[in-house]
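# All I have is the shape, not the residue letters:
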């Protein structure tokens, strides 16, 4: 069985981002069936349909679309900004969904881990992202749900996950995600 290539999308550009720390930890948990690859979002210009309509999409859009199209699935690790997803993540989803009819997202498995320094674990962002995923036809893992609250207390000063319960939970999440990818890949 060949490994499935899973793009990991951290929804924060901040250098010391909690989302990036969790994404890096989760990437280290790759199973025999999954290979994780971090996908950079920070260099994508804001989506403007006129650029596609006029046949002049930025080179970074074209590169991003090609890179994402080659993936077998997606794992989104997102913070919550104002009860929704960060603009950088939403922009990447929009860029990948166009030109109309050429979405790079459709029909592939996905999962979401939301993180927050607050107690709610970015519940609002997680569910807003799920709404977008439904429209983009991404086959989302429903259970287990992954809300990582009080994330700052779970990491050391280098951004390493130190909390054993969180490590165990994320390992279980990755195992469930691997099963989901296998199940949905066999049905496509």
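Looks like it came in fine. Because the structure is a prediction, the values reported are computed rather than measured.
# What residues does the closest residue to residue 12 other than its chain neighbours make contact with?
The shortest distance from residue 12 to any non-neighbouring residue, by Cβ to Cβ, 6 or more residues apart in numbering, is to residue 19 (4.3 Å). The C-beta positions use only the backbone N, C-alpha and C, and glycine is treated the same way. The contact partners of residue 19, taken as Cβ atoms under 8 Å, 6 or more residues apart in numbering, are 10-12, 77-79, 115.
# Next step: these restricted to strands.
10, 77-78, 115 (DSSP state E).
# Can you tell me how far residue 73 is from residue 81?
Separation of residue 73 from residue 81 (Cβ to Cβ, to the nearest Å) stands at 25 Å.
# scratch that, residue 103 is what I was asking about
Taken as Cβ to Cβ, the span from residue 103 to residue 81 is 24 Å.
# same check, this time on residue 154
The value you get for residue 154 to residue 81, if Cβ to Cβ is used, is 20 Å.
# Now do the helices in the protein.
18-27, 49-53, 59-69, 87-96, 123-136, 164-186 (DSSP state H).
# Can you say which of the ones you listed is nearest to residue 6?
helix 164-186 (7.0 Å; Cβ to Cβ).
# which parts of that closest one are buried?
166, 170, 173-174, 176-178, 180-182, 184 (16 or more other Cβ atoms under 10 Å).
# can you pull the buried residues of stretch 14-30?
Quick answer for stretch 14-30 (16+ other Cβ under 10 Å): 17-27, 29.
# which stretches of this protein have low pLDDT?
1, 186-188 (pLDDT under 70).
# Hmm, residue 11 is touching residue 88, no?
Yes. Contact criterion Cβ atoms under 8 Å: residue 11 and residue 88 qualify, at 6.4 Å.
# These two: which is more packed in?
residue 11 (28 against 18; other Cβ atoms under 10 Å).
# how close does the more buried one get to residue 151?
On the measure of Cβ to Cβ, residue 11 and residue 151 end up 13 Å apart.
# Could you tell me the end-to-end distance of stretch 67-79?
The straight-line separation of the ends of stretch 67-79 (Cα to Cα, to the nearest Å) is 23 Å.
# In contact with residue 98: list those residues for me.
Residue 98 neighbours (Cβ under 8 Å, 6+ apart): 47, 49, 52.
# Return the set of residues that bridge with the nearest residue to residue 87 once chain neighbours are set aside.
Of all residues not flanking residue 87 in the chain, residue 81 sits nearest, at 7.5 Å (Cβ to Cβ, 6+ apart). Residue 81 has the following beta-bridge partners by DSSP bridges: residue 84.
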